[in-house]
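In: pasting the sequence and the predicted coordinates here, then a few questions.
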Amino acid sequence: MTAKAIFITGGGSGIGRAVAQYFARQGWRVGLADVNAAGLAETAALVPAGMATTYVMDVRDREQWAQALADFTQASGGRLDVLFNNAGIAAGGALADNDWDEIDRVIGINLMGVINGAKIGYPYLKATPGSCLLNTASAAGIYGGPNIGIYAVTKFGVRALTESLDGEWAADGIKVRSLMPSFIDTPLLKANVSGSNRSVREAVTEGGLEITPVDDVAKAAWEAVHGDRLHTTVGKTARRLAFAARWMPGGLRKQMRSRALLR
């Protein structure tokens, strides 16, 4: 039988790399896409020989999407069991400090990149029985805190798209799921907070929040693909935030406003 196949954006590092390794260990063929050619090569070297195909690709480029998915599904025997829309960049700081280029880039990669993947990947998913579109959202898609406004916009958008397509694609037999991780130990934490000389990692640590191992996300991705939950939270912070947003929205709002006053 033809091995199952997963196509992963942001596969050159972090969550994408960990998910590629996890699924490859289960015998899946892996398609890896990223703008970082060196990172792609490193990830490919970590999975069994012959099980990975790499694509240097910008998720904002629809022609690159179309070419990569056509090539990958040809190599996989026509299968696209999972399309993992994972590529994303970090952005922090107050909206007043975010420049326009940064705003456009974050929205282009984090949100439009996911929309591009979903629309272009749809026919391949529809043609593969039991397929799944898996999107990386974020705990920032549960509640928008201060100084992450643009990032939160994109992750709320990914959450909304996931919920919409869950209903829209049900008749086609395509599962649609999202991951909502909190702060994960990936290279994204090295990014600087706008208007500050601190990294995201430093800001998280100073805020007393935990950083979750990336392998936890890979396991959650496997469970999301094979389970029934629409959104899967990953990490203590994400779970606490989801609980507070549902049961203590007033208290959560007060806490977020207090954090903003301490900036």
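Out: It's in. Numbers count the residues shown, from 1 in each chain.

In: quick check: next helix or strand after the helix or strand of the chain with the lowest mean pLDDT?
Out: Least confident helix or strand, the chain: helix 200-206 with a mean of 50, by mean pLDDT, DSSP states H and E. Next along the chain after helix 200-206, taking DSSP states H and E as the criterion, comes helix 214-226.

In: was I right about L95 contacting G149?
Out: Yes - between L95 and G149 there is a contact under C-beta atoms under 8 Å: 4.9 Å. Glycine gets a C-beta too; all of them are placed from N, C-alpha and C.

In: neighbour-wise, which of the two wins?
Out: Taking neighbours as other C-beta atoms under 10 Å, L95 and G149 compare with G149 leading, 18 against 13.

In: who are the neighbours in contact with the more buried one?
Out: G149 makes contacts with 94-95, 98, as judged by C-beta atoms under 8 Å, 6 or more residues apart in numbering.

In: now, among those residues, which is nearest to G108?
Out: N98 (13.8 Å; C-beta to C-beta).

In: report the separation between that closest one and A160.
Out: To A160, N98 is 21 Å away according to C-beta to C-beta, to the nearest Å.

In: those two - which one has more neighbours?
Out: Remark: of N98 and A160, N98 carries more neighbours, 19 against 13, as counted by other C-beta under 10 Å.

In: touching, the more buried one and A91? I think so.
Out: Yes - using C-beta under 8 Å, N98 is in contact with A91, at 6.9 Å.

In: quick one: G144 and L161, what's the gap?
Out: Going from G144 to L161 by C-beta to C-beta gives 17 Å.

In: of the two, who's got more company?
Out: Per other C-beta under 10 Å, whichever of G144 and L161 has more neighbours is L161, with 21 against 15.

In: just give me the neighbour total for A70.
Out: Using other C-beta under 10 Å, A70 has 12 neighbouring residues.

In: what does Y55 give?
Out: By the criterion of other C-beta under 10 Å, Y55 has 20 neighbours.

In: state whether it is indeed within a helix.
Out: No - secondary structure of Y55 (DSSP: H, G, I helix; E, B strand; the rest coil): strand, not part of a helix.

In: that one bridge partners, please.
Out: Note on Y55: beta-bridge partners by DSSP bridges are A33.

In: how about it, what does it touch?
Out: Contacts of Y55 by C-beta under 8 Å, 6+ apart are 31-34, 40, 64, 68, 71-72.

In: what of G10?
Out: Neighbouring residues of G10 by C-beta under 8 Å, 6+ apart: 16, 33-34, 86-88, 136.

In: any idea which of the residues you listed has the most stuff around it?
Out: Ranking these using other C-beta under 10 Å puts G16 first, with 30 neighbours.

In: in space, what's closest to it - neighbours in sequence excluded?
Out: Spatially, and ignoring its direct neighbours in sequence, G16 is nearest to G10 (4.0 Å; C-beta to C-beta, 6 or more residues apart in numbering).

In: distance-wise, check the one you found relative to A118.
Out: 15 Å.

In: circling back: now distance to G130 too, for the contacts of G10, in a markdown table please.
Out: As requested, these are exported to a markdown table (distance: C-beta to C-beta, whole Å):
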| residue | distance to G130 |
| --- | --- |
| G16 | 22 |
| A33 | 22 |
| D34 | 26 |
| N86 | 20 |
| A87 | 24 |
| G88 | 26 |
| T136 | 21 |
